[in-house]
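Q: model the structure of this input:
(chains A and B)
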Amino acid sequence: MKEQNIDIQRRTFLKINGIVGTGFLLGFNFYSCQEAAVIREPATSWTDMNAFLNIANNGLVTIMSPNPEIGQGVKTSMPMIIAEELDVDWKDVVVEQAPFDNKKYTRQVAGGSQSIRKGWKSLRTAGATARDMLVTAAALQWDVDKKDCRTEKGIVYGPEGQSLSYGALAAAASALEIPDDVKLKDPKDFSIIGKGQMNVDLTSIITGEPLFGMDYTQEGMVYANVIKGPFGASIQKIQDSEAKAIEGVIDVIRLDDERVVIIGQDTWSCFKAKKVLQLEWDQVDEQIDSAVIDEGLHALLQKQSQDYKRNDGDVDKAFKEADQIVERVYEAPFLAHNTMAPMNFFAHVTADKVHCVGPIQTPEWTQGRIAKLLDVPDEKVHIEMTRMGGGFGRRLYGDFALEACEISQKIGQAVKVVYTREDDMRGGIYRPASKYKFRASIKDGLLTGYELVGASVNDGNCVRANNFPAGALDNYRVIAHRYESPITVGAWRAPVTNFLAYAEQSFMDELAEKCGKDPVRFRLELLDKASSRSQENSELALDYDPQKFKGVIEDVVKHARFGKVDKHQGLSAYYSHNTYVAEVADIDKAHPTRIEKIHCSIDCGIVINPTGAINQAQGGVIDGMGHAMYGELTIKNGSSVQQNFDAYRLIRMPEVPEVDIHFVESLNDPTGLGEPTLPPAGGAVANAIYRSTGTRIYQQPFIKEIATLEKLG
Amino acid sequence: MDNLIYLVKSEDKFMAAYNLHINGAIKEVDVAPDTPLLWVLRDHLKLVGTKYGCGIAQCGACTVHIDGDAMRSCVYPVSKIGDSKITTIEGLSKNMDHPLQKAWIEHDVPQCGYCQAGQIMTAAALLQENKNASEEDIALAMSGNLCRCSAYLKIKEAILSVSKA
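A: You can find the predicted model right below:
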């Protein structure tokens, strides 16, 4: 993926002084960034400095936030980075969501926890370039050397006490040549980055203003609900007279062999019609069943394979010479994403353009797919990105947007597709069910060999072959198997590692015990080994930095006072999305199956927005614990058994432990934060439960084992 | 097929006129009697702060006040409302100055934000009834409101900061 750079800014540079249309002006929300609005003269002209920045002559700065906002906070944190380098008062900043535009912006994606990491340099450069031009404009006006000028909070100061606001300089600055060697700030001088800034959409959220795709309406729009059958089934017969008789229902349309659409004047008419619409499906495949899949996955774990994802040393020899071999199987069910806002999208397909509005993590990919589906050029498809009512990976897949376009084209009208919760939970693209078999050999109290075999539904690489403990062991190998099924699967927050991390960290805890070592020392020694082996052999493939990995473990051990408090404690640590996280779960001795607190130490480099970061990190920990404890989607006869929140259990407030977040101080470039705190949580919880009950947990959801333990009392 | 709570009865197939007391004003709507208040608010009155999450009163995203009580509007048919006074997130305060809204700003609570109107409405009804709600009271009262982003700790902190307990 190419980085946004100066060349791109050069290309997209707009020399518009004071002629920006009123549409731009109307979009302003003077109160969105600050509690107490700054009273100032109304602006009379606006200047685009680059694709991200517009400066009004009264000093207000509008920053376009390029990436989709999914709850990860980038609509606040990405503009903070630009504002920092521009050197403007955050109170003078208004943030707007940029539309999808791959000529102006690159990587407008919410996925893989990469928005900040990949945007870091280009966002800083965009701010710094504009600042440099404003300084040059001031220096020219005063006839002084620009080296003698400085900036502070939106004002350029000259060597003899002169000062001019950015607002007064913007028009002249924008006419200058764009410099290509601007100096970025020393992170030590940051004044916006590193200080908690309020979510820029907060006031709209707490007053109920329209923000989300679900809230979007347009004059003359109709509503649509799409009905799909069990996986692999086709429609045999449609009995729709009763559904069509409902006032408000406009039509019932067969889209293809798998989908029927109800068109209505409002959402409820569609939902109600769905209740009485009678559909017959040609077949229900009884093999599409969780129990059958479980058997298939178990069989794959036993299958001989030489197709190694990684194979170091001689694992077979290590196993032959071992004092003992430990073998464990960990099992994960399917999970649904269950974003709070069910899937929805607006589309209006007309002869000259395709207008789409809605929540989408991948506007670029989706644009291309819509263009292909409707057979129109990419540039005819316009996508406006709304705030998302959650994503967790589900909104990477634009299926719902494609549906909206297909329906709009078919009926020749603007349409909003709305899923019921049941549609959403039944609709597939699940976290795949998977199983992992770990085997390890121990000789003279030392770990000598290690093998991981993974098997997952429709996922060819359900392992992370170069992640810890790769590199720490002379004899190490990894194999992955794929189970084919008509059930659709996809990325679910922290794909693969959302379960693999728990399995590995739980197994690691057991190995430490078998080797007679405490869980902290055991891990630190392995990391030291990885460190020295990578120093001896520069070709050793390691995804992680053992020193940073050790850093978060040592940090969480200190904060949790691991092993020094009168509690049952479980440790877990994992590297994902370029970020290191270690967690300790505490259990009060009086309540052996209740998690009281989780301590979490994170090394994600520079933290852009600490308040948002803490919220995000806590959310990841609780999400990780919640799904490990309760999450389960079962398939029977080709459909999910759980179809709503009465049957699908999510963590709720009374079950939520205290969560203490600690960021390791760092001046390194920022890395991901949306996902990395989730993977270690399950391991910390399972390891703590082992300390309090003596029972190891090998299956999610943990609640099944815990319920048994509680019965035994 | 779905868990939609109301079965379609013959009289529910046709529209009827209702005068509803919403946020201090009277609004006239012409909808089928079984239409849940949620969809009257969202699709007919364009008051979209109240959210759809599950349709079966399990997630709390659609919470509004009916005569001061926190109710799940997704299962409350318009025909049962009568003269009851409805307050939605849009009508909770005039100037965003309800103590909970201020606390939500102070604690920068939301992540994606979709469930937050429902959280605030449930919490507002709780504190109206119990000004001294303890941490346990809050956790129990809020247990019907899901937050898929798990901003639960911030939600709890914000409510606790308003409670006199």
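
Q: give me the distance between the residue of chain B found nearest chain A and A:Asp215.
A: Distances between chain B and chain A by C-beta to the nearest C-beta are smallest at B:Gly49, namely 1.7 Å. Using the backbone N, CA and C atoms, a C-beta is placed for each residue, glycine as well. Between B:Gly49 and A:Asp215 the computed distance is 8 Å (C-beta to C-beta, to the nearest Å).

Q: which one of those two is surrounded by more residues?
A: B:Gly49 (26 against 20; other C-beta atoms under 10 Å in any protein chain shown).

Q: run a quick neighbour tally on the closest residue to the more buried one other than its chain neighbours.
A: Nearest residue to B:Gly49, sequence neighbours excluded (C-beta to C-beta, 6 or more residues apart in numbering or on different chains): A:Gly208, at 1.7 Å. Neighbour count for A:Gly208, taken as other C-beta under 10 Å: 23.

Q: contact partners for residue 133?
A: You didn't pick a chain, so chain A it is. A:Met133 is in contact with A:49, A:173-174, A:176, A:178-179, counting by C-beta atoms under 8 Å, 6 or more residues apart in numbering or on different chains.

Q: chain B, not that one
A: B:Ala133 is in contact with B:126-127, B:141, B:159, B:163, B:165, counting by C-beta under 8 Å, 6+ apart.

Q: any idea how far B:Thr122 lies from A:Tyr436?
A: Distance, B:Thr122 to A:Tyr436, using C-beta to C-beta: 40 Å.

Q: and residue 119, what element?
A: Answering for chain A, as no chain was given. helix A:115-142 (DSSP states H and E).

Q: look at chain B instead
A: Following DSSP H and E, one finds B:Gln119 within helix B:116-129.

Q: and that helix, what's buried?
A: Buried positions in helix B:116-129, judged by neighbour count with 16 or more other C-beta atoms under 10 Å in any protein chain shown: B:116-127.

Q: got any ranges where chain B has weak pLDDT?
A: Within chain B, the segments meeting pLDDT under 70 span B:1-13.

Q: dump the contacts of B:Ala133 into TSV; add distance to chain A as well.
A: Supplementary listing: the contacts of B:Ala133 in TSV, determined by distance: C-beta to the nearest C-beta, whole Å:
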residue	distance to chain A
B:Leu126	12
B:Leu127	15
B:Ala141	9
B:Ile159	10
B:Ser163	14
B:Ala165	16
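
Q: how about those residues in a markdown table, adding distance to A:Trp142?
A: What follows is these, written out as a markdown table (distance: C-beta to C-beta, whole Å):
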| residue | distance to A:Trp142 |
| --- | --- |
| B:Leu126 | 60 |
| B:Leu127 | 58 |
| B:Ala141 | 62 |
| B:Ile159 | 54 |
| B:Ser163 | 57 |
| B:Ala165 | 60 |
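
Q: ok, those vs A:Gly638, which is closest?
A: Among the contacts of B:Ala133, B:Ala141 lies closest to A:Gly638 (C-beta to C-beta), at 39.5 Å.

Q: doesn't that closest one lie inside a strand?
A: No: per DSSP: H, G, I helix; E, B strand; the rest coil, B:Ala141 lies outside any strand segment and is helix.

Q: and the closest residue to it other than its chain neighbours, what is it in contact with?
A: Of all residues not flanking B:Ala141 in the chain, B:Leu126 sits nearest, at 4.2 Å (C-beta to C-beta, 6+ apart). Applying C-beta under 8 Å, 6+ apart, we find B:Leu126 in contact with B:70, B:133, B:137-138, B:141-142, B:159.
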